[in-house]
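[1] one predicted model, sequence on top.
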Amino acid sequence: MKEETLGSRLKEVRTEAGLTQAELAEIVGVSRKTINTVENGVFIPSTLLALKLAYALKRRVEDLFFLA
């Protein structure tokens, strides 16, 4: 069985929204490094963080994250 990983469109959606990593981090209450690690697939966000990111970017969680 293929091991599933979490794919992310966070960087694409964030840049479309005209936000820097630092600006998005401030909006959702995390560090810029957290946003960076989520965007690079190093860190899998909690459900709470994924929901906050989606709300901040006016998207659905499914628009930001997917099974790869």
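    Arrived safely. Residues are numbered from 1 along each chain as shown.

[2] which residues touch the most centrally placed residue in the chain?
    Nearest to the mean C-alpha position of the chain, counting by CA atoms, centre = their mean, stands Leu10 at 4.2 Å. By CB atoms under 8 Å, 6 or more residues apart in numbering, the contact list for Leu10 reads Ile35, Val38, Glu39, Leu53, Leu64, Phe65. C-betas here are computed from N, CA, C, even on glycine.

[3] among those residues, which ones are in strands?
    Among the contacts of Leu10, the members falling in strands (DSSP state E) are Phe65.

[4] buried members of the contacts of Leu10 into ChimeraX, please.
    Here is the ChimeraX command that picks out the buried ones among the contacts of Leu10, judged by 16 or more other CB atoms under 10 Å:
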select :35,38,39,53,64,65
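
[5] what is the burial count for Ser46?
    By other CB atoms under 10 Å, the residues close to Ser46 number 9.

[6] how about it, phi and psi?
    Main-chain torsions, Ser46, degrees, to the nearest 10: phi -70, psi 170.

[7] this structure: strands as residue ranges?
    Taking DSSP E as the test, the strands found in the chain are 6-8, 65-67.

[8] for this structure, longest helix please?
    Using DSSP state H, we find that the single longest helix of the chain is helix 47-56.

[9] going by neighbour count, which residues of it are buried?
    Leu49, Ala50, Lys52, Leu53, Ala54, Ala56.
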